[in-house]
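Undergrad: All I have is the shape, not the residue letters:
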């Protein structure tokens, strides 16, 4: 009879899974096994788990349990797990794994993954790992590392299939079969296009594999190749690469060096990672976080969020100093202090709505000079329409609450004014920042809400002082 | 000699492009041509432009110019342009194009694109278009439309390559070549995997084309196929599909009906669109916008943003009613009214930082029950650390500004308390909403900022009333 603890685990493991993600029961079972220090059980549990899911598991465990899993898997740590890990967790895993095992793992990866991991290592670790890699592999990696960060050169894989212009479909297939038998590692594990290159190794066309397979053996590659492929320079920014793949529904694209020679290929799976990164950057910056810090230590997270909060403290003090201009007014009519956050808050929210749409449209290249004025005009109009609606609603509520029609009029007028300002600044500020080459996702929110706070307090209290006292 | 206007245009068109996006000079040239009502020129200008860029152009033009371009292209409107358009702009284009031309365009598309377009039509238009499509195509489209919105069944393409288990590599290649010659439209334009099916048409394995090409003709397909492929049920939610593709770096995956029979294939380019959509939803909802409304009319946009602003008005009034509890206190000490927005605003920003990280991590399935308590604990600690730092900073500023050490103490204490509350609610509220199956991206921000506003005002004014008067 099995132990009750095991029976329970098995029961939980057999539960049908809802989605495709890592089963929480596996996490629990691994944690239990680690508590019993049963490394063999950890290995058995993780044996059927996909590398990407093992990476997820490592990220979800506490630091101590994470080290336990690395210890259990040490003898043959799956290389692809390293490639899938978040940078912070990977640093910890590599520290635990040691240089020798890390190098073994990195050497089994394709160049794009190896370059990605090595580029994110600390300088001293980077040097140690590079030194331990055999010269021919090292050269490829060092060449890629010489390209700027976030460039196509960093993203590309060096392993690709290129054939000379005089080959036929049959020549190409024979070459692939012969190579696969002689040295399977000489071909990329998975590829989507075969590139046709001239004698100077410049790409002149591409043949998708599905085109290849329906062609007769005798057909020349140049007959079936497409010459409309987009060639990417190695120094191109990865955001532009992502835009191109998205726009043209590409599966892969050739990368050339400054001399136009084919040096690598970028495949759609790497681009998906770039798209995810871009999304993460946008969403984090709009939320006032420098980067996703889920796996950072508390002290590191506090430090990285401090700057944004400090900027916000500055703008809050600016808003307070506007209020202090009217302290005599507030003393005479405390209702103004009670109501003033409403006007500012509505402006802040309306401005955030507009800037969210604008920042996203800028990132997707949907908002450009061609339609900028039309968009600004529309946002002002939207601000005016909702301004009038909320002027009526907040005016009626104020009237009912304070039985003061003058106060109701003041809040209504301030509301219309502030919501128009919100629409205008919510559209104009991101556009202006983009023009000044400042990332609109980082700084739009602080500018827009400062404007709507300052204008909101000033107009409401100012109108109050002028009309009510 | 050419006309000066043309010369200028040509000069602008020849300018080197910075990225891969549509050249603004083309937009200007098209607008000029439309002004001169020169439809031939519009066609000439757009002839070399990729369909996806034509779609971008249509989106950037004013309504009138857009109708002009549709008019110019009417005779052979490129079908793929329809597939690339934003829903709102597409509705306008289809209205201008008319049912007959729309049907012609839709018939040339692959089923996934056709289904996507038809599913987004108004009910009466949908019926007209479906009726005009020949029965055999219509059945495929209607079957796909029968699957729930946002499911794999809607996303999949019906065109795929499946072979019986007893075929060899040679059989498969011969079949592809023969089919390509007999009826090129019978094969999907582009595909990445060949599926091996049993006599019940259930997928038993997949062979990637790059694996195909390096195999000998005599090898049985079952020998080289992978059986570890992930099979997707047609009713699976598209977000789970996206997660799977991302996690496993898939190029394509088979889709089966409730009987396990192979009915379609989902390819990575469709998944990239889903990833972009998902991201757009997250970012828009966090910003209080229902959906990207860049191309909506002002009145439609105002209406869709109204609800969120109304909710915000409710929470602002709640915060105001907290302030009104202390109106006597404020009357005695106006400095409290001047400073109170600082504590609330810092809490709101700190809470937004935390909830942004939490919402993103939930969407990427990185935050689950396995690490929820660790994340909450960390966020509280981060709140405490930054709370103490900003207590000191804001305390010193208050002291210098109002020369009142008691007031400095009150703002410091309130700051610590509110930033801890911000960390706690910023992590807890998205997790609780996710558990209650409510989209945390939609509603977290309003709950968290309500909490930090109410707590901020209450603690600051309450401590002020208690300690200073």
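TA: Received it, and whenever you're ready, just let me know what you need. Bear in mind the structure is a predicted one, so any value in this text is a computation, not a measurement. Residues are numbered from 1 along each chain as shown, chains lettered A, B, ... in the order given.

Undergrad: C-alpha from now on. contacts and neighbour counts both.
TA: Fine.

Undergrad: Next one: stretch A:165-184, is it in contact with chain B?
TA: Yes: legend: contact between stretch A:165-184 and chain B by Cα under 8 Å from any Cα of the partner chain is shown at A:173, A:176, A:177, A:178, A:180.

Undergrad: Out of the residues you listed, who's the most crowded?
TA: Of the residues of stretch A:165-184 next to chain B, residue A:176 is surrounded by the most neighbours, 22 neighbours in total, counting by other Cα atoms under 10 Å in any protein chain shown.

Undergrad: isn't that residue right next to residue B:212, touching?
TA: No: under the criterion of Cα atoms under 8 Å, residue A:176 makes no contact with residue B:212, lying 10.0 Å away.

Undergrad: I'd like the residues of stretch A:165-184 next to chain B as JSON lines, with pLDDT and secondary structure appended.
TA: Shown next, in JSON lines, are the residues of stretch A:165-184 next to chain B (pLDDT from 0 to 100; DSSP: H, G, I helix; E, B strand; the rest coil):
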{"residue": "A:173", "pLDDT": "93", "secondary structure": "helix"}
{"residue": "A:176", "pLDDT": "92", "secondary structure": "helix"}
{"residue": "A:177", "pLDDT": "91", "secondary structure": "helix"}
{"residue": "A:178", "pLDDT": "92", "secondary structure": "helix"}
{"residue": "A:180", "pLDDT": "90", "secondary structure": "helix"}
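
Undergrad: which of those residues lies closest to chain B?
TA: residue A:177 (4.3 Å; Cα to the nearest Cα).

Undergrad: I'd like to know how far the closest one sits from residue A:191.
TA: 15 Å (Cα to Cα, to the nearest Å).

Undergrad: what's the answer for residue A:66, then?
TA: Distance from residue A:66 to residue A:191, by Cα to Cα: 34 Å.

Undergrad: cool, and residue A:326?
TA: Distance from residue A:326 to residue A:191, by Cα to Cα: 69 Å.

Undergrad: quick one: terminal-to-terminal distance for stretch A:173-191?
TA: First residue to last in stretch A:173-191 (Cα to Cα) measures 14 Å.

Undergrad: Okay, domains of chain A per the record?
TA: A:4-154, A:162-286, A:298-468 (automatic domain parsing).

Undergrad: I'd like to know which of those domains lies nearest to residue B:49.
TA: Comparison of these against residue B:49 by Cα to Cα identifies domain A:162-286 as nearest, at 11.7 Å.

Undergrad: contacting residues for whichever residue of the stretch 201-350 of chain A sits closest to chain B?
TA: Chain B sits closest to residue A:214 of the stretch 201-350 of chain A, with a gap of 4.3 Å, by Cα to the nearest Cα. Going by Cα atoms under 8 Å, 6 or more residues apart in numbering or on different chains, residue A:214 touches B:173, B:176, B:177, B:178, B:180.

Undergrad: Of those residues, which are in range of chain A?
TA: B:173, B:176, B:177, B:178, B:180.

Undergrad: if I pick the last one, what's in contact with it?
TA: Under the criterion of Cα under 8 Å, 6+ apart, the neighbours of residue B:180 are A:214, B:186, B:187.

Undergrad: circling back to that earlier point, single out the most deeply packed of the domains of chain A.
TA: For the domains of chain A, average neighbour numbers computed from mean count of other Cα atoms under 10 Å in any protein chain shown are highest in domain A:298-468, which has a mean of 21.

Undergrad: what distance separates the start and the end of it?
TA: Terminal-residue distance, domain A:298-468 (Cα to Cα): 50 Å.

Undergrad: For residue A:165, see how far away the closest residue to residue A:168 other than its chain neighbours is.
TA: Residue nearest to residue A:168 in three dimensions, not counting chain neighbours: residue A:220, with 3.9 Å by Cα to Cα, 6 or more residues apart in numbering or on different chains. Distance of residue A:220 to residue A:165, given as Cα to Cα: 8 Å.

Undergrad: same check, this time on residue A:203
TA: 10 Å.

Undergrad: Ok, residue A:387 next?
TA: 66 Å.

Undergrad: Check residue A:88 too.
TA: 46 Å.

Undergrad: that's a strand at residue A:22, yeah?
TA: No: counting by DSSP: H, G, I helix; E, B strand; the rest coil, residue A:22 is not found in a strand; it is coil.

Undergrad: show me what contacts it?
TA: A:53, A:56, A:57.

Undergrad: From the rest of the structure, what touches the host helix or strand of the second one?
TA: Here residue A:56, judged by DSSP states H and E, is contained in helix A:51-60. Counting contacts by Cα under 8 Å, 6+ apart, the residues outside helix A:51-60 that touch it are A:21-22, A:27, A:46, A:66, A:69, A:78, A:80-82, A:84-86, A:89, A:295, B:247-248, B:366-367, B:370-371.

Undergrad: How is residue A:254 assigned, secondary-structure-wise?
TA: strand.

Undergrad: wait, doesn't it sit right on residue A:267?
TA: No: using Cα under 8 Å as the test, residue A:254 is too far from residue A:267 to be in contact (9.0 Å).
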